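1. curious how this folds, go ahead:
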Amino acid sequence: MARVLLLFGLFVLAAPASAGAAVREYWVGAVPTTWNVIPNGHDPMTHTVFPAAERIAHTVLYRRFTRGWRSQFRNDREVSGDNDGIPGPLLRARVGDTILVHFRNFDPARSHSMHFHGVSYAEASDGSYVPGFSGPGGNVRPGKTFTYRLQAGPNAAGVWSYHDHSPSMHASISGGLYGALSILGRREQRPDREFVVVFSSLMGHQTINGRAYLGNTPVFHAKVGEVVQWDVLAIGEEHHTFHVHGHRWVGPEGGVDVRTLGPAESFRVRWREDAPGAWLYHCHVEGHMGHGMIGLYRVSR
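-> So this is what the prediction gives:
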């Protein structure tokens, strides 16, 4: 078992006291794309083969861009949740920061938006569509733009979801239009490794970051001695349970190695890695794991 290091929700690693607030700016677009839930086409546990019609979808996903949406950032395969589509790009900030998210809707057919959990904002930056009340930020029409102004308040440290909340919300979320916002405490150090895990259903499969079954879901890597942080989120209409083999963390009642999430819930846990090997991580709802919600975590010396 990995050595218990930190209380969940209470991190004790300290950054220099001089760490100050900043303005963090991001350019994000809702981009039509084709997504393959099972790129290798099969489940190695049961040897089931899936035809293209059961694993390839045309959808709209969040992508991060350079300033002014000039070009998309290249996805860094070594960074979990970077810019590969599901989830959308991991947006980072620190308690006290102002976050400006400049959004453009590249979908020629439907309106979209961005609604953020865990942060503070004025009504105009809520990003949710309310007929007769909401402004343009909740209903960004094809080709249009909007800037969301957010504040990471004193209680914002943690990991939070963001997602479409426009008139297209239900179809968009079921198609993968969501992402994560990671906020450090004012004096909290960044972990050596940060892994984003989003549980959701897509095309009838149970997915981790929009992929299903071993060989398709993310493979996370760490080394003994590193501090790793898992950002775990659930999106959709189902409850899930997060479990990593050979590891545990500390909760209010003591040691924990499984935690339940409902729709739109999220949490983060940290430990200092001391368990080399190849470990499974998965949703412990057995039917979900059997339908694809399982991945591999490799720890080297």
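
2. going forward, measure contacts between C-alpha atoms and count neighbours the same way
-> Fine.

3. now the most centrally placed residue in the chain: which helix or strand?
-> Of all residues in the chain, the one closest to the mean position by Cα atoms, centre = their mean is Ala180, 3.8 Å from it. Following DSSP states H and E, one finds Ala180 within strand 178-184.

4. before we move on, the earlier item: beta partners for the residue nearest to the centre of the chain?
-> Ser161 (DSSP bridges).

5. I'd guessed it sits against Glu194; true?
-> No - between Ala180 and Glu194 there is no contact under Cα atoms under 8 Å: 12.0 Å.

6. shared neighbours of these two, anything?
-> Common contacts of Ala180 and Glu194 (Cα atoms under 8 Å, 6 or more residues apart in numbering): none found.

7. averaged pLDDT, the helix or strand following the strand holding Ala180. What do you get?
-> Going down the chain from strand 178-184, the next helix or strand is strand 193-202, by DSSP H and E. Throughout strand 193-202, pLDDT has a mean value of 97.

8. can you list the strands that strand 193-202 pairs with?
-> With DSSP bridges as the test, strand 193-202 is paired with strand 205-208 (antiparallel), strand 227-234 (parallel).

9. buried ones in stretch 254-271?
-> Using 16 or more other Cα atoms under 10 Å as the test for burial, stretch 254-271 gives Val258, Thr260, Leu261, Ala264, Glu265, Ser266, Phe267, Arg268, Val269, Arg270, Trp271.

10. just stretch 196-210 next, same as before
-> 196-203, 205-210.

11. circling back: quick one: contacts of the strand holding Ala180?
-> By Cα under 8 Å, 6+ apart, strand 178-184 touches 61-62, 86-95, 152, 156-164, 190, 196, 231.

12. again, 7 Å this time
-> For strand 178-184, contacts defined as Cα atoms under 7 Å, 6 or more residues apart in numbering pick out 87-95, 156-164.

13. all strands of the stretch 201-301 of the chain, in order?
-> 205-208, 219-223, 227-234, 240-244, 249-251, 254-256, 258-261, 266-272, 277-283, 294-300 (DSSP state E, counting those that start in this stretch).

14. one step back: widest-spaced pair of the buried residues of stretch 254-271?
-> Within the buried residues of stretch 254-271, Ala264 and Trp271 form the most distant pair, 23.8 Å apart (Cα to Cα).

15. ok, back up a step: using TSV, lay out the strands paired with strand 193-202 together with distance to Asn36 and mean pLDDT.
-> Formatted as TSV, the strands paired with strand 193-202 follow (distance: least, Cα to Cα, whole Å; pLDDT from 0 to 100):
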stretch	distance to Asn36	mean pLDDT
strand 205-208	11	98
strand 227-234	20	98
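
16. tabulate those in CSV, adding columns for distance to Gly135.
-> CSV is the format used below for those (distance: least, Cα to Cα, whole Å):
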stretch, distance to Gly135
strand 205-208, 33
strand 227-234, 28
